[in-house]
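K.L.:
heads up, no residue letters with this:
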């Protein structure tokens with residue numbers, strides 16, 4: 001845990017800079033607005049689900065209790081008839097961003113802690129800027145950018161949306177790498 005003493009500033013600042021960069025991506029550039037589409041007859045569908053007492057949670061339809069059911073004729077017919085979907089239902093009420101923003105910042109701190117730990121283990125104090133940039137950038141691009149790929153593989157998220165999340169990850173990775181390279185501790189003085 002000694003690396004935390006040496007790297008607390010780049011860890012916290014890189015998380016703060018990523019937070020700022022993500023705010024710019026989502027509130028100024030806004031290319032993620034294309035990630036979702038509006039349902040036809042949205043009001044009627046919402047009324048129907050509300051009348052059925054739908055509770056917050058994760059749902060899939062058609063639902064299978066086991067993989068064995070996937071090959072049964074009734075299940076195959078449901079899949080062929082459609083629709084097939086994964087659905088997240090949140091509690092009713094206006095969305096509140098506070099909790100999500102705190103969690104996002106804490107995730108960014110966690111990514112930076114791992115960048116610092118691996119960077120310090122691989123390079124040590126006094127490493128050159130480009131070496132620090134390469135190691136911490138690679139780690140943070142993996143953490144931020146590749147995390148959305150399973151959503152396309154397993155849950156049907158469009159690959160266009162995933163490519164935008166990967167682009168976000170590259171931006172956040174470069175921000176993280178630049179911060180660590182800039183604030184990487186110098187080698188201890190030889191006495």
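P.N.:
Cool, got the structure. Just so you know, these numbers come straight off a predicted model, no measurement behind them.

K.L.:
from here on, contacts and neighbour counts on C-alpha atoms
P.N.:
Noted.

K.L.:
start and end of stretch 23-30, how far apart?
P.N.:
Across stretch 23-30, the terminal residues are separated by 9 Å (Cα to Cα, to the nearest Å).

K.L.:
which residues does that stretch contact?
P.N.:
31-32, 168 (Cα atoms under 8 Å, 6 or more residues apart in numbering).

K.L.:
go again using 7 Å as the cut-off
P.N.:
Identification of contacts with stretch 23-30 by Cα atoms under 7 Å, 6 or more residues apart in numbering yields residue 32.

K.L.:
what of stretch 143-160?
P.N.:
With Cα under 7 Å, 6+ apart, stretch 143-160 has contacts from 86, 111, 162, 165-170, 172.

K.L.:
quick check, nearest of those residues to residue 189?
P.N.:
residue 111 (29.3 Å; Cα to Cα).

K.L.:
tell me which residues of the strand or helix carrying that closest one come out buried.
P.N.:
Secondary structure from DSSP states H and E places residue 111 in helix 98-123. Neighbour counts over helix 98-123 (16 or more other Cα atoms under 10 Å) mark 104-106, 108-120 as buried.

K.L.:
so what's the gap between it and the chain middle?
P.N.:
Taking Cα atoms, centre = their mean, to the nearest Å, one finds the center of helix 98-123 at 12 Å from the center of the full chain.

K.L.:
and that helix, what's its mean pLDDT?
P.N.:
For helix 98-123, mean pLDDT is 97.

K.L.:
tell me what that helix is packed against?
P.N.:
Applying 3 or more Cα pairs under 7 Å, 6 or more residues apart in numbering; DSSP states H and E, we find helix 98-123 packed against helix 2-24, helix 129-145.

K.L.:
neighbouring contacts of stretch 46-54?
P.N.:
Contacting residues not belonging to stretch 46-54 are not present [Cα under 7 Å, 6+ apart].

K.L.:
residue 10 contacts residue 177, correct?
P.N.:
No: Residue 10 is not in contact with residue 177 according to Cα atoms under 7 Å; the separation is 9.5 Å.

K.L.:
give me the domain ranges for the protein.
P.N.:
Here the domain parsing of the chain from automatic domain parsing is 2-35+95-183, 42-89.
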